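Chemist: have a look at this prediction, sequence included:
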Amino acid sequence: MARLKLATVWLGGCSGCHMSFLDMDEWLIDLAQAADIVYSPFVDAKEFPDNVDATLVEGAVANEDHFNLARQIRKRSRWVISFGDCAVTGNVTAMRNYFGGAKEVLDRGYVELATQKPAWPSDPGVLPTLLDRVVPLHQVIPVDFYIPGCPPPAGRIRKVLSALIEGKEPHLEGDDIRFG
Amino acid sequence: MAVRTLTINEKLVSAPEGATILQAARENGIDIPTLCQLDGLSTVGACRLCLVEVGPSGRLQAACVTQVAEEMVVRTETPKLREYRKMIIELLLTERNHVCAVCVANHHCELQDLAVKLGVDHVRFEYLHPHLAVDVSHELFGIDHNRCVLCTRCVRICDEIEGVHTWDVSGRGTNARIISDLNQPWGESPTCTSCGKCVQACPTGAIFRQGSTVAEMEKDRQRLRFLLTAREKREWLV
C-alpha cells in the first residue's frame, strides 16, 4: 500500500493537541513506517505541499494567515480533519470574541491592560491581521472529520490515524467525541 | 386508579391515568433524553429534548408534560427526533459560552453528556459569543451565566423544595437571564438561605461552589434524591 501523506497544522491554538499527538509514544514508530509527515510543526517544511492525503488542523481561525493557510490546506488535501476543540468549536481561542472585534481585542490587550507604554506595536509585521471574530475551521472551509477534545487524548488520535492508514473512513463515537 | 394502555415504540405498555409519556417510558425501560426535567420538581417542558412523535401524523409533543391516553401511539426514536435533539444541543452550545475545557463542570456536565450521547462532534450553527457576567458575590457559591441553559431547575428547586424562591427569570429569548430576587447580586440576596440545592440541581457549570476549578464541580444528585424520598415516603435514608 502507498504510504500515507500526512500533514499537521497549528493555527490559533496552544499546541496542546500536538503535544497529545506526541503522547502516542511508541505508536509513533508504527506511524512512521506507514506514513510520511510532509508538513508539520514537527518537521522542517516551509511550504504546504500538494497532494496531501490527510491534514490534521489544530486551532481556531483567528487571523488572516490562518484563513489563507486553511484555504490552501483545503485545496491540497484529500482529507481535512479538525483536530481538537479550538478547531472544532473555537474553544478558548474564541473567548476573545466576547470583547468585540479585532480593534477592541487589541485595545484590551495592548492599551487597557498595559502598565507601560499603552499602544499597539507599530513595527511592521509584528501584529498579524486579526479577523474580527475567531471561528471554528468548518466555518471557513469544508471539513471532513472532527476530533473533539482539549486536547484529544492520544488514543483518540490514534484511532483516526489507524483508520486512515488502513484506507478506511475514520469513526469516533461515545466518549471519543466528548468536548473538553 | 384507572390504567391507560398505549403503545411506545411498537410495544404495548400501561400507565396510571395522569402519568406523563416520560414516566410511562421510563417505567418500561425506554430511555428518552431530558435536560430541564429533574425528579421531584414540577415539569416545564423548557428544553424540548424529550420531544416524541404522537399519533399517526407524528405530532411532536414534549414527553415530560404530555399525559398518556388510551390507545395513544408514541414513537421516541425516529430519524427526525434524533436530528431535532441533536440540533437542540447544538443551539444550546451556540447561545452561551460553553467552553468545556475551562469549565468547572467539565466531565461532570449533563449538557456535555447529552452532546456525547446524541453524537454532537461539532456544531453546524454560528456561535453567538455573548458577553455575560459571572456573579461570585455569594460567600459560598457562584453563578456563571456563560454556562446557563435556562433549564430553570434552580428556580424550581428553590421555590418548590426549599420554599424560598430566590431565583427567577428576567427577559425573553436570548436575553433571558436567571436573576436572584429583584435582579441584585446573589451575595446581597435577603432571601437566599445558602442551602446549596440549586448548586446540586444545576445540570452544567452555571451554578458552582466557590473555589472549584476546572472539572472539580461534581454534582451530588443523591442529596436531592434523599430530600425527595424524605418528602414523599417520610423516610430519612442516610
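Modeler: Received it, and whenever you're ready, just let me know what you need.

Chemist: ok, residue 116 - how many residues close by?
Modeler: Chain wasn't specified; assuming chain A. By other C-beta atoms under 10 Å in any protein chain shown, the residues close to residue A:116 number 4. The way it works is simple: take the backbone N, C-alpha and C, and place the C-beta from them, glycine included.

Chemist: chain B was what I was after
Modeler: Neighbourhood size, residue B:116 [other C-beta under 10 Å]: 18.

Chemist: can you pull the contacts of it?
Modeler: A:174, A:175, A:177, A:178 (C-beta atoms under 8 Å, 6 or more residues apart in numbering or on different chains).

Chemist: sec struct for it, please.
Modeler: helix (DSSP: H, G, I helix; E, B strand; the rest coil).

Chemist: how near is residue A:90 to residue A:11?
Modeler: 11 Å (C-beta to C-beta, to the nearest Å).

Chemist: tell me, what's touching these two both at once?
Modeler: Shared contacts of residue A:90 and residue A:11, defined by C-beta under 8 Å, 6+ apart, are found at residue A:60.

Chemist: which one's more surrounded, these two?
Modeler: Legend: neighbour count by other C-beta under 10 Å for residue A:90 and residue A:11, higher for residue A:90 (28 against 23).

Chemist: test my guess that the more buried one contacts residue B:127.
Modeler: Yes. The pair residue A:90 / residue B:127 is scored as a contact, 6.0 Å apart, by C-beta atoms under 8 Å.

Chemist: could you name every residue contacting both of these two?
Modeler: Common contacts of residue A:90 and residue B:127 (C-beta under 8 Å, 6+ apart): A:97, A:135, A:136.

Chemist: strands along the chain, start to end?
Modeler: You didn't pick a chain, so chain A it is. Secondary structure of chain A by DSSP state E: the strands cover A:4-10, A:35-39, A:52-58, A:61-63, A:77-83, A:130-135, A:145-147.

Chemist: nope, chain B
Modeler: Using DSSP E, strands in chain B cover B:3-8, B:11-16, B:51-54, B:59-62, B:73-75, B:134-135, B:141-144, B:167-170, B:177-180, B:207-209.

Chemist: tell me which of the ones you listed lies nearest to chain A.
Modeler: strand B:134-135 (11.5 Å; C-beta to the nearest C-beta).

Chemist: keep only the shared contacts of residue A:90 and residue B:127 that also lie close to chain B.
Modeler: By C-beta under 8 Å from any C-beta of the partner chain, the members of these lying near chain B are A:97, A:135, A:136.

Chemist: between those, which is closest to chain B?
Modeler: For these, the nearest to chain B is residue A:97 (3.8 Å; C-beta to the nearest C-beta).

Chemist: got the confidence number for the residue lying closest to residue A:180 once chain neighbours are set aside?
Modeler: Nearest-residue entry for residue A:180: residue B:100, 2.8 Å, with adjacent residues in sequence omitted and distances by C-beta to C-beta, 6 or more residues apart in numbering or on different chains. Note on residue B:100: pLDDT of 97.

Chemist: and residue B:100, what is it in contact with?
Modeler: Contacts for residue B:100 (C-beta under 8 Å, 6+ apart) come out as A:85, A:150, A:178, A:179, A:180, B:106, B:109, B:112.

Chemist: so where is chain A shaky, pLDDT-wise?
Modeler: For chain A, residues meeting the criterion pLDDT under 70 lie at A:1.

Chemist: give me the neighbour count for the one residue in it that gets nearest to chain B.
Modeler: Residue nearest to chain B within chain A (C-beta to the nearest C-beta): residue A:180, separated by 2.8 Å. Counted with other C-beta under 10 Å, residues neighbouring residue A:180 total 22.

Chemist: would you mind listing what in chain A touches chain B?
Modeler: Residues of chain A lying close to chain B (C-beta under 8 Å from any C-beta) are A:82, A:85, A:88-92, A:94-95, A:97-99, A:133, A:135-136, A:138-139, A:143, A:146, A:148, A:150, A:172-175, A:177-180.

Chemist: ok, now with 6 Å
Modeler: For chain A, the contact set with chain B under C-beta under 6 Å from any C-beta of the partner chain comprises A:85, A:88, A:91, A:97, A:98, A:146, A:148, A:150, A:177, A:178, A:179, A:180.

Chemist: now the buried members of these.
Modeler: Listed as buried from these are A:85, A:88, A:91, A:97, A:146, A:148, A:150, A:177, A:178, A:179, A:180; burial here means 16 or more other C-beta atoms under 10 Å in any protein chain shown.

Chemist: what's around residue B:75, how many residues?
Modeler: Neighbours of residue B:75 (other C-beta under 10 Å): 16.

Chemist: doesn't residue B:53 make contact with it?
Modeler: Yes. Checked against C-beta atoms under 6 Å, the pair residue B:75 and residue B:53 is within contact range at 4.4 Å.
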